[in-house]
Each structure stands twice: as C-alpha cells, then as structure tokens.
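**Q** what follows is a protein structure lacking sequence information:
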C-alpha cells in the first residue's frame, strides 16, 4: 500500500496536486473533482444534472459510471 507519509510527500513533491489512499469513497472522489474543477475556473459541461464532464472524462453521479473518451 502506498499510504505512508513518505509516499504521500513523494507523490506531492513529484508534481501531484492531491493524494488519495485506498480505500476511498465515491463521494470523496466526487468532492475532490469538484474542488479541482472549481480551482480550474470551470470547464464543467452538464448535459444532465447528474453528470460531471471535464475534458474527456464523464462521471454519472446517479449510476456511478465513469467514461473516458466516450467509452
């Protein structure tokens, strides 16, 4: 497992903006995505209220499905 303090520091030092350890909840990931999107100045396109879209990644909060480049 990569959840030691040294692993977290190394990941952040090497350029990571965040470090999530397992296990994690989907709600935590969605909250972290919202923070990143807020910091980036938007870029969210919501074809439906339950979907978050950023670049080529789509997350459906209702079904917990994730798509990358439409797949």
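**A** Received, thanks. Values in this document were obtained by computation on a predicted structure and should not be read as measured data.

**Q** any idea which helix or strand in the chain has the lowest mean pLDDT?
**A** When the helices and strands of the chain are scored by mean pLDDT, DSSP states H and E, strand 51-54 comes last with a mean of 85.

**Q** report the buried residues of the helix or strand following that strand.
**A** For strand 51-54, the succeeding helix or strand toward the C-terminus, using DSSP states H and E, is strand 57-60. Judged by neighbour count (16 or more other CB atoms under 10 Å), strand 57-60 contains these buried residues: 58, 59. In this view, the C-beta of every residue, glycine as well, is placed from N, C-alpha and C.

**Q** for strand 57-60, name the packing helices and strands.
**A** strand 51-54, strand 65-68 (3 or more CB pairs under 8 Å, 6 or more residues apart in numbering; DSSP states H and E).

**Q** partners of the first one in the sheet?
**A** The partner list of strand 51-54 in its sheet, established with DSSP bridges, is strand 57-60 (antiparallel).

**Q** state the mean pLDDT of the strand it pairs with.
**A** For strand 57-60, the mean per-residue pLDDT is 89.

**Q** identify the residues contacting it?
**A** 30, 33, 48, 50, 51, 52, 53, 65, 66, 67, 68, 70 (CB atoms under 8 Å, 6 or more residues apart in numbering).
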